[in-house]
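Visitor: I need the structure of the sequence given here:
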Amino acid sequence: MSTFSEETRDQRLEGSSHPADKAEEVFERDWLAVFYKVALSISRELDLAKLLWLIMDEVRSALRADRCTVFLLDEERRELWSLAAHGEREIRFPADRGIAGYVLRTGRMLNIPDAYQDPHFYPEIDQKTGYRTRSILTAPLRNRVGEVIGVFQVLNKEGGPFTRVDELLLDAISGLAATQIENAQLYAEQKRFLEGTIEALANTIDARDPLTAGHSKRVALLCVDMAQRLELSEAERETLRIAALLHDFGKIGVRDDILLSKSDRLEPEELIVMRDHPARTRKILEPIRFPKRLRDVPIVASLHHERLDGSGYPDGLKGEEIPFLARILAVADVFDAMTSRRTYREPMHILQVLQQIEAGKGTLYDPRCVEALAGISALRFLEIHTNGQPDFLIPEDHRAALGAVSIGEFARGIGRQGENGVGRLFEHYYRVALQGELADE
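Guide: This next block holds a predicted model:
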């Protein structure tokens, strides 16, 4: 199994010119090169999926194997599942089955020269996939406290069984991979906690005013769509989405008699209180320790009422003084506010809303953001506007038609002609959506 004897490599190679010894020296040098390359990649690649594929490709090449798979333990279901696998999508099986299950349970590396002769082998996966496993090398993946969280498995070495050098390489790389997997799991837990906290904060405002419930979520979805069209970076998209979810959080400090007023005109002192909510949003959000990539969330969330000509609030910023993400949020916010029902008015028709926003392009709203809004498909608008209600169903053929025309094209008259035009489809489903709003009153 092993290419190493009890004597050290230096003792064996000293004064020796045997071809096998020289070949082993070259191979070990290559082994170090592979390990260095993997370690360097780990320091540079933050995406776990990309990193694991890179590691598996390097290991497969270095060990002259056919396939690699990284299995993780799903503790709730007590199953091993493939986080990454050459040649297959997802593999799942009971955590106590097979070579992988044995290594998970014992924490010991296994080097099996003939899989079908080993009592631990689980042939059902081969039967399902049509693959034929011959040799297997499997190493445990341990977290920082030594718990086995999964296994790294390599299959079918060219020319024979895996060697002792193969074992050492896989053992070393498995340690690196396990560290990154654990880091990714911790990051995912932190992200889920942050998402849950943000959702709870957004729901707090919805609970104050059921009529406007869903506004922040709809604005966030609009912003995500617009951000994709504007080709923003992933960090910018995430900052914008979270800022949109939290942009009205300052309203938590607004009295019910003002927030829920049925009058379309507030008294001057009431208007001052209402207009203070963006600044209050910033004041509430700034002490929160957002991750570095999201540090602009408080400022973006608090500037959604600023306008290009300086007529907005709370700071009266103009043009480029307003962060671009806040300009996107401003357009999405005013669009959803006008197309949704309020205590003092019915929702405005989308055509009127788009016309008003278009009229403010360049003076109130950033032209790029207006165009990004207008580029949202009619289908996507309906999905967002109805908050993804399960009873709001659109047949597939209608979905295809509505997905092919934007709300901006609809506003310009494209597709509105003819009895069976997409415009008539849109008008029909739009009316259904509005009736749903009224029924929820």
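
Visitor: rest of the way, CA atoms for contacts and neighbours
Guide: Will do.

Visitor: Where does the nearest residue to Thr212 once chain neighbours are set aside sit, in terms of helix or strand?
Guide: The shortest distance from Thr212 to any residue other than its chain neighbours is 6.5 Å, reached at Asp206 (C-alpha to C-alpha, 6 or more residues apart in numbering). In this assignment (DSSP states H and E), Asp206 forms part of helix 164-208.

Visitor: Report the rounded mean pLDDT for that helix.
Guide: What helix 164-208 shows for mean pLDDT is 85.

Visitor: going forward, begin numbering at 35 instead of 1
Guide: New numbering, starting at 35: the last item is helix 198-242.

Visitor: by contact count, what packs against it?
Guide: Packed against helix 198-242 by the contact rule (3 or more C-alpha pairs under 8 Å, 6 or more residues apart in numbering; DSSP states H and E) you find helix 53-78, helix 82-96, strand 170-176, strand 182-191, helix 268-280.

Visitor: Please dump these into CSV; it should also carry mean neighbour count, distance to Ala412 and mean pLDDT for every row.
Guide: As requested, the helices and strands packed on helix 198-242 are exported to CSV (neighbours: other C-alpha atoms under 10 Å; distance: least, C-alpha to C-alpha, whole Å; pLDDT from 0 to 100):
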stretch, mean neighbour count, distance to Ala412, mean pLDDT
helix 53-78, 14, 41, 63
helix 82-96, 18, 34, 84
strand 170-176, 26, 48, 96
strand 182-191, 25, 45, 95
helix 268-280, 23, 21, 96
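
Visitor: how about Leu125, what does it touch?
Guide: One correction, residue 125 is Ile, not Leu. 114-116, 159 (C-alpha atoms under 8 Å, 6 or more residues apart in numbering).

Visitor: Inside helices: which ones of those residues?
Guide: Using DSSP state H, the subset of the contacts of Ile125 located in helices is Ile159.

Visitor: residues near Lys251, how many?
Guide: Applying other C-alpha atoms under 10 Å, we find 21 residues neighbouring Lys251.

Visitor: let me redo that: Ile306
Guide: Residues lying near Ile306 (other C-alpha under 10 Å) number 11.

Visitor: Same check on Gly396?
Guide: The burial count assigned to Gly396 is 16, neighbours taken as other C-alpha under 10 Å.

Visitor: check contacts around it.
Guide: By C-alpha under 8 Å, 6+ apart, the contact set of Gly396 is Leu342.

Visitor: would you list every one of the strands in the protein?
Guide: For the chain, the strands defined by DSSP state E occupy 99-108, 113-119, 126-128, 144-146, 170-176, 182-191.

Visitor: packing partners for the last one?
Guide: Using 3+ C-alpha pairs under 8 Å, 6+ apart as the contact test, the elements touching strand 182-191 are strand 99-108, helix 132-140, strand 170-176, helix 198-242.

Visitor: Quick check: which ranges of this protein have low pLDDT?
Guide: 35-65, 75-80, 244-245, 289-300, 304-305, 378, 422-426, 448-454, 469-475 (pLDDT under 70).

Visitor: Can you pull the domain assignment for it?
Guide: Structural domains assigned to the chain are 43-219, 245-361, following automatic domain parsing.

Visitor: would you turn these into CSV with distance to Ile418?
Guide: Shown next, in CSV, are the domains of the chain (distance: least, C-alpha to C-alpha, whole Å):
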stretch, distance to Ile418
domain 43-219, 30
domain 245-361, 6
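
Visitor: and the residue nearest to Thr246, how far is that from Pro174?
Guide: Distance, Asp240 to Pro174, using C-alpha to C-alpha, to the nearest Å: 47 Å.

Visitor: Val258: which of the contacts of Ile125 is nearest?
Guide: Ser116 (30.5 Å; C-alpha to C-alpha).

Visitor: For beta bridges, what are the partners of that closest one?
Guide: Phe105 (DSSP bridges).
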